[in-house]
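Trainee: give me a 3D structure for the following:
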Amino acid sequence: MQAQLVDTLGTVPEAMAEVRDVIRMYGDTAPEEAVWRVQLAAQEAGVGGRDLQEGFKRLDDHFAKLSSMVDTAPQRVDIVVRDLRAQFDSTLRELIAAMHSESAALSAEMNSQRQAAVDAINTERAAIAADASRVASQVVRDAGEEARKLVREALMAVLALAIILLGLPFAAGYLVGRARHKQ
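Mentor: Model prediction:
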């Protein structure tokens, strides 16, 4: 099996150089992308920066161990890579589970806040409708009273005018007839 490994990978120093190059490439690009994705997910889930810093510190420690082991003990690289991958997967699963639970809690909180807002709006709407109904009834009642007063005053004015128009010629005829009768 070692002969096949040497045949496919080349010599051990070549394989180690290739592993070191791959690790450096991942080391250059993966942390920035991982930081960005984790920050976005953490921000959406409400996970604090301290938790992320601790996780990244552990990850940096593992990368430092891996790098020193690659330089000092090439045969242990495979074991360390597996351990690192397992720890990274475990940490990632824990982070995803935490973000999922935080997301569910946030969703439940938003639903309860939305329901409370809807209930408050419904209560206010009912109070406004009752107030509008009361104001409309008062306006109709006041308008009816004012209309009655206006009709009463108009009838009084028409009656007074009728009395004046009908009584004036009668009074004038009476006074004229009395004046003639005395003469």
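
Trainee: tell me how far stretch 160-178 is from the chain's mean position?
Mentor: On the basis of Cα atoms, centre = their mean, to the nearest Å, stretch 160-178 sits 83 Å off its chain's mean C-alpha point.

Trainee: also stretch 147-156?
Mentor: Taking mean C-alpha positions (Cα atoms, centre = their mean), stretch 147-156 and its chain are 59 Å apart.

Trainee: which stretches of this protein form helices?
Mentor: With helices called from DSSP state H, the chain shows them at 2-9, 12-45, 49-72, 77-182.

Trainee: can you tell me the centre-most residue of this protein?
Mentor: Centroid-nearest residue in the chain, with Cα atoms, centre = their mean: residue 110, separated by 7.5 Å.

Trainee: tabulate the helices of the chain in a markdown table, adding columns for mean pLDDT.
Mentor: As requested, these are exported to a markdown table (pLDDT from 0 to 100):
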| stretch | mean pLDDT |
| --- | --- |
| helix 2-9 | 53 |
| helix 12-45 | 72 |
| helix 49-72 | 72 |
| helix 77-182 | 86 |
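
Trainee: which residues does the residue nearest to the centre of the chain contact?
Mentor: If you count contacts by Cβ atoms under 8 Å, 6 or more residues apart in numbering, residue 110 has none. Yep, even glycine has a C-beta here, placed from its N, CA and C like the rest.

Trainee: how far away is it from residue 120?
Mentor: Going from residue 110 to residue 120 by Cβ to Cβ, to the nearest Å gives 15 Å.

Trainee: again with residue 104
Mentor: 25 Å.

Trainee: one more: residue 167?
Mentor: Using Cβ to Cβ, one obtains 69 Å as the distance from residue 167 to residue 120.

Trainee: just residue 22 next, same as before
Mentor: Distance, residue 22 to residue 120, by Cβ to Cβ: 58 Å.

Trainee: cool, residue 154 as well?
Mentor: 50 Å.

Trainee: show me the contacts for residue 61.
Mentor: Contacts of residue 61 (Cβ under 8 Å, 6+ apart): none.

Trainee: can we start the residue count at 28 from this point?
Mentor: Got it, the first residue is 28 from now on, which makes the last one we talked about residue 88.

Trainee: so for stretch 86-95, what gets flagged as buried?
Mentor: Neighbour-count burial for stretch 86-95, counted by 16 or more other Cβ atoms under 10 Å, picks out 86, 89-90, 93.

Trainee: and the residues you listed, which two are furthest apart?
Mentor: For those, the maximum inter-member distance is 10.4 Å, found between 86 and 93 (Cβ to Cβ).

Trainee: please consider this matter closed, and thank you.
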